[in-house]
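Q: generate a structure from the sequence data that follows.
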Amino acid sequence: MVPNWRLGLAHPCCIGLLFLLLLPSSVSVREPRHQSHVHRTLLKPHATLPLSRSRFSAKTQLDFTTHCNESCYHKAEDQDKEHLAFETLYADGSRTLTTVDLDEVDVDPPPRQLTSRHKRLKRQIYGADGRFNIRGDHFLLDYPFSTAVRISTGCTGVLVSQQHVLTAAHCVHDGKDYVKGAKKLRVGFLIPPSVNGTRSGQAPVKKPLVRWVRVKRTRVPKGWIQGPQEVSMDFDYALLELRWPHRRPFMRLAVAPTSDHLAGKRIHFSGFDSDRPGELVYRFCPVEDESNDLIYQHCDARPGASGSGVYGRVWDDILERWERKVIGIFSGHQWLEINGENRDYNVAVRFTPLKFAQICYWVHGNKVDCSQD
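A: Just a heads-up that it's a prediction; the model follows:
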């Protein structure tokens, strides 16, 4: 199931060389054709309704696993306005529900036009463990690793603006109610490690520290809040707004292209896996398959990596170069049954045009700025 080249990733002697070779990643891939005109759907708020205060009765489920058959695998993008409505949780526990309308616009200059998706036939480790611990200030605090943050409920998030963090919805809500830890939700920023005491004759051991910042409000799509029996990974994303802006570099968002339009057909993400406490863990792998809403892959991951920003190198028409952009959120593990055959994958939520429009509205607060980043 796992290509042989991944077996070498576990050898420590190769890690430094691999970082130098892989991170710059100048991949020879044909540039997508530039489109002079594109039709896009934007979100605009319709009405905001008050809701009762949250009970915060749910338990955080870090090991998130779902099942999918052919009907859910082949379904088209969800165009239901009700699912694109969203709930806002405020720091004092109050809630609102915002309904939305869809606005069709023409944008110029646009990004590349996405091609149609091909169709073909537990969070865990696949073969040799291909994850890297990120250590040292020169890696840990540099882009893109510096965009990864901790979520106080035990998950990971990614910085997508100076005041916003994307994570997985199941890290803050179980589909029926907010988790207990969402009542005083915080985001943790890694800061330069301090020297932690030394023993005689030993070098100092450096451990990264975390600076916690309170969350001002949390937004979850209505497509996720359907009750536990209906929860799927399609809407497993949430946006956290920090009480104060940060000064770290953040990663821009993009509509997820097909894997053929990703440099190297690879995705990457960094998270705080539970089996490596206190460590930021980076991994990359090829996209194995994709549906309209999900990216299927075998990137090694463990609970705690949920909510990591999944990014790839996508073509930026304005800058005219390949740029790292967040194209999805790591969700968990899924069993996929196609033609009577069971397959297991680690899964990320794809940012479709409508999901991109929704998240963009959450970040910018208006539709004017919500063209393709």
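
Q: number of residues surrounding residue 192?
A: Neighbours of residue 192 under the rule other CB atoms under 10 Å: 10. In this view, the C-beta of every residue, glycine as well, is placed from N, C-alpha and C.

Q: pretty sure it contacts residue 141?
A: Yes: checked against CB atoms under 8 Å, the pair residue 192 and residue 141 is within contact range at 6.6 Å.

Q: got the CA coordinates for stretch 232-243 in PDB?
A: Taking C-alpha atoms only, stretch 232-243 is exported to PDB below (Å, rounded to 0.1, in the frame of the first residue of the first chain):
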ATOM      1  CA  SER A 232     -19.800  13.400   8.000                       C
ATOM      2  CA  MET A 233     -16.300  14.700   7.200                       C
ATOM      3  CA  ASP A 234     -17.600  17.000   4.400                       C
ATOM      4  CA  PHE A 235     -18.100  20.000   6.800                       C
ATOM      5  CA  ASP A 236     -15.400  19.100   9.400                       C
ATOM      6  CA  TYR A 237     -13.900  22.600   9.700                       C
ATOM      7  CA  ALA A 238     -14.200  25.600  12.000                       C
ATOM      8  CA  LEU A 239     -12.800  29.100  12.200                       C
ATOM      9  CA  LEU A 240     -11.500  30.600  15.500                       C
ATOM     10  CA  GLU A 241     -11.100  34.300  15.900                       C
ATOM     11  CA  LEU A 242      -8.400  35.300  18.400                       C
ATOM     12  CA  ARG A 243      -8.900  38.000  21.000                       C
END
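
Q: overlap of the contact sets of residue 192 and residue 141?
A: Taking CB atoms under 8 Å, 6 or more residues apart in numbering as the contact rule, residue 192 and residue 141 touch no residue in common.

Q: residue ranges in the stretch 151-300 of the chain under the pLDDT threshold?
A: Within the stretch 151-300 of the chain, the ranges that satisfy pLDDT under 70 run 193-207, 227-231.

Q: contacting residues for residue 166?
A: Listed by CB under 8 Å, 6+ apart, the contact set of residue 166 reads 157-158, 160, 237-240, 307, 309, 326, 329, 359.

Q: now, the residues you listed that are in strands?
A: For those, membership in strands holds for 157-158, 238-240, 309, 326, 329, with DSSP state E as the criterion.

Q: and those residues as a markdown table, adding distance to residue 256 and neighbour count?
A: As requested, the ones in strands among the contacts of residue 166 are exported to a markdown table (distance: CB to CB, whole Å; neighbours: other CB atoms under 10 Å):
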| residue | distance to residue 256 | neighbour count |
| --- | --- | --- |
| 157 | 18 | 28 |
| 158 | 14 | 26 |
| 238 | 18 | 30 |
| 239 | 17 | 24 |
| 240 | 21 | 28 |
| 309 | 12 | 31 |
| 326 | 9 | 27 |
| 329 | 11 | 30 |
